[in-house]
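Asks: Have a look at this prediction, sequence included:
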Amino acid sequence: MYLNHRQKIEVAVVLFLIVMVWEANGIYLAAFAHNHIVLYWLSYLFQWVILPTMLIILLAKQALILPQHYGFNSTVFSWQGFIAETIGMFISAGLAFKWSSQLSWHLLGQRTGYFNVLSAYPNGALHTVVWIYSSIAVGIVESIFFIGLPWLLYKNTQRHASVKVFSVLISVIFATTHWEQGPHVIVGAFFFSIVACYWYFKLGTLWPVAAGHALIDLVAFA
């Protein structure tokens, strides 16, 4: 999709807002988790559902940028291909995260993060609900705002858009949004993102990338 000047600005503003919220969430979510768990989950709901939904609707109505323009094209969707591609994404990106974070652990030592979302998970039946909801929301939202939309903006602002350069740049940004979880998760998130970008450019769709991401989080959050 070709973006005009106004559309580029609107996408850039949306992405800037998302990155700022993601960079700050390690501070306010940690504070809420330790002091007011209800505020924590309300903030979590706002970050992962309400805000992304509002921004997606805003882009669709004001900028005429629809999900199919940044990776969710249903016209080429095939269940058979989707399942196989999702498994490929799940295995490769999951292993990239695991192996790179383990290597970081060996090289940097047993450094812990500032905050881990799992520490705020409820017990009992509600744990399962939150576990599934979190995994699906994270998989979809991060695929949109850290691959699909950034690439749409990047390729419309660069004369010779490089897939490799983009993958590295967006993976650095994605990794830094996990700062509160410590250096091992930052390293793991970087290599996870590199592999996720690879699958997106190989397949030309976000469907299996988002689904594979959700499956990885289902395992990681379990």
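Replies: Cool, the structure landed. Quantities reported herein were computed from a predicted structural model and do not represent experimental measurements.
Asks: Okay, the residue most central in space within the chain and residue 7: tell me how far apart.
Replies: Among the residues of the chain, the one closest to the centroid is residue 142, at 2.0 Å (Cα atoms, centre = their mean). According to Cβ to Cβ, to the nearest Å, residue 142 and residue 7 sit 22 Å apart. Quick note: C-beta positions are derived from backbone N, CA and C, even for glycine.
Asks: Look up how far residue 131 lies from residue 187.
Replies: Residue 187 is 24 Å from residue 131, by Cβ to Cβ.
Asks: between those two, who's got more neighbours?
Replies: residue 187 (21 against 17; other Cβ atoms under 10 Å).
Asks: ok, back up a step: ok, the residue nearest to the centre of the chain touching residue 175?
Replies: No. Using Cβ atoms under 8 Å, residue 142 is not in contact with residue 175; the gap is 11.8 Å.
Asks: Surely residue 70 and residue 154 touch.
Replies: No. If you go by Cβ under 8 Å, residue 70 and residue 154 don't touch, sitting 11.3 Å apart.
Asks: ok, the two, which is more surrounded?
Replies: residue 70 (23 against 17).
Asks: Pull the contacting residues for that one.
Replies: Listed by Cβ atoms under 8 Å, 6 or more residues apart in numbering, the contact partners of residue 70 are 144, 148-149, 151-152, 206.
Asks: Restricted to helices, list those residues.
Replies: 149, 151-152 (DSSP state H).
Asks: Regarding residue 21, what is its secondary structure?
Replies: Here residue 21 takes the helix state, with states given by DSSP: H, G, I helix; E, B strand; the rest coil.
Asks: mind listing what it touches?
Replies: Residue 21 touches 47, 51, counting by Cβ under 8 Å, 6+ apart.
Asks: From residue 89, how far off is it?
Replies: Where residue 89 is concerned, residue 21 sits at a distance of 25 Å (Cβ to Cβ).
Asks: same check, this time on residue 14
Replies: 25 Å.
Asks: out of the two, which sits in the busier spot?
Replies: Using other Cβ under 10 Å as the criterion, residue 14 and residue 89 rank with residue 89 on top: 26 against 21.
Asks: Correct me if wrong: that one contacts residue 206.
Replies: No. With contact defined as Cβ under 8 Å, residue 89 does not reach residue 206; the gap is 10.4 Å.
Asks: Tell me where this structure has helices.
Replies: Going by DSSP H, the chain shows helices at 5-35, 37-45, 51-62, 79-108, 125-143, 149-157, 163-176, 183-203, 207-220.
Asks: Please tell me how far the last one is from the chain's geometric centre.
Replies: The chain centroid and the centroid of helix 207-220 are separated by 10 Å, computed with Cα atoms, centre = their mean, to the nearest Å.
Asks: Brilliant, that's me finished.
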